[in-house]
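Enquirer: curious how this folds, go ahead:
(chains A and B)
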There are 2 protein chains.
Amino acid sequence: MTMATPPRAEGEGKWCFEDFVVGRIIALGDRGISRDEIVAFAREFDPQPFHLDEVDASSSVMGGFCASGWHTAALLMRLLCDGLLLLADSRGSPGSTNLRFKEPLRPGDRLQARATVTGARGSATRPDIGIVQLLIEAENQYGKPVISLESTVMFGRRPA
Amino acid sequence: MTMATPPRAEGEGKWCFEDFVVGRIIALGDRGISRDEIVAFAREFDPQPFHLDEVDASSSVMGGFCASGWHTAALLMRLLCDGLLLLADSRGSPGSTNLRFKEPLRPGDRLQARATVTGARGSATRPDIGIVQLLIEAENQYGKPVISLESTVMFGRRPA
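Expert: Got it, this is the predicted structure:
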């Protein structure tokens, strides 16, 4: 992966819309996952057998026990928050598309994530806001893609 | 909403691929959300200010404190599990698309969800599995759409 991190020099302000140049790649850091976390999330939000306990590999297309895709997506959101949104003037998101679960996330795995700026335009209705398209991807410790999605995120524009 | 529920007569088996007829609408039930749940999820997965505490309405496009979109999606997944997947021979999902956050989910709100079968085809590589496209939607207690997405889900085929 080619990586770049937000330049957060001492005293520098938060990232604004103007910092999201198409093609820019932002490293979002990494995070592990435990069996207990997988089961706790599944009990609350996705209690399918293959997210709760060891099961026969044939019981799903994922080949046995693994994290809920929505858990994987939520972990990716946390990496996006810590690595980008909380360092920026983020104003929320109207949605995402092309959410793909490429490889199951299993206990002891580690997600490493990045965001690529794929589009940026001013808001037609709110002059203080710009709209950024991000391709957000994470791979596991073996370098295999685990999850990807395309998100639309609003950011405040830098005062002139 | 036009609603239908899975016909689960005494002794009837789980839903299989063959039960997912295009156009069928499946009621997924409803579920409320509290301030404590919103904050707990946000602390773990999406600690942006507007998901943690009351904030100025201008700080986001959502007009103040509301649940993380990923929390709303996870709640919708739970409704999909309880109302459909756990009653069916579900084998997992490769992903979703067109995830849209239409209206913020706030403390005390109640999500009511449904799934519409929009596509169904056999797997080209696994004769025991069929692939179903579902449009999954939820509205709040005022009848306003809150979230929608299109998911691909694998189901076991009924033995001949």
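Enquirer: and the longest helix seen in chain A, what's its mean pLDDT?
Expert: Across chain A, the longest stretch assigned as helix under DSSP state H is helix A:69-83. Model confidence over helix A:69-83, given as mean pLDDT, is 98.
Enquirer: got the angle between that helix and helix B:69-83?
Expert: Angle between the axes of helix A:69-83 and helix B:69-83 is 170 degrees (criterion: axes from the mean of the first three to the mean of the last three CA atoms, to 10 degrees).
Enquirer: and for the following helix or strand past helix A:69-83, what's in contact with it?
Expert: Using DSSP states H and E, the helix or strand that follows helix A:69-83 in sequence is strand A:90-101. Residues outside strand A:90-101 that contact it (CB atoms under 8 Å, 6 or more residues apart in numbering or on different chains): A:69, A:72-73, A:84, A:129, A:146-156, B:48, B:50, B:59-62, B:69, B:93-101. To be clear about C-beta, it is placed using only N, CA and C from the backbone, and glycine gets the same treatment.
Enquirer: I figured A:I131 hits A:T118, correct?
Expert: No - taking CB atoms under 8 Å as the definition, A:I131 is not a contact partner of A:T118, at 11.8 Å.
Enquirer: so for the two, which residue has more residues nearby?
Expert: For A:I131 versus A:T118, the count of surrounding residues by other CB atoms under 10 Å in any protein chain shown is larger for A:I131: 21 against 15.
Enquirer: please see if the helix or strand encompassing that one touches chain B.
Expert: Applying DSSP H and E as the criterion places A:I131 in strand A:129-139. Yes - shown here: strand A:129-139 in contact with chain B (CB under 8 Å from any CB of the partner chain) through A:I129.
Enquirer: and that strand, which strands flank it?
Expert: strand A:110-122 (antiparallel), strand A:145-156 (antiparallel) (DSSP bridges).
Enquirer: now the first one: average pLDDT?
Expert: For strand A:110-122, mean pLDDT is 98.
Enquirer: next, the buried residues of that strand.
Expert: Using 16 or more other CB atoms under 10 Å in any protein chain shown as the test for burial, strand A:110-122 gives A:L111, A:Q112, A:A113, A:R114, A:A115, A:T116, A:V117, A:A120.
Enquirer: quick one, what contacts the first one?
Expert: Residues in contact with A:L111, defined by CB under 8 Å, 6+ apart, are A:30-33, A:72, A:75-76, A:79, A:105, A:138-140, A:146-147.
Enquirer: any idea how far it lies from B:P94?
Expert: Distance of A:L111 to B:P94, computed by CB to CB, to the nearest Å: 18 Å.
Enquirer: interface residues of chain A facing chain B?
Expert: When proximity is defined as CB under 8 Å from any CB, chain A approaches chain B at A:41, A:44-48, A:50, A:59-62, A:68-70, A:73-75, A:77-78, A:81, A:85-86, A:90-101, A:129, A:154.
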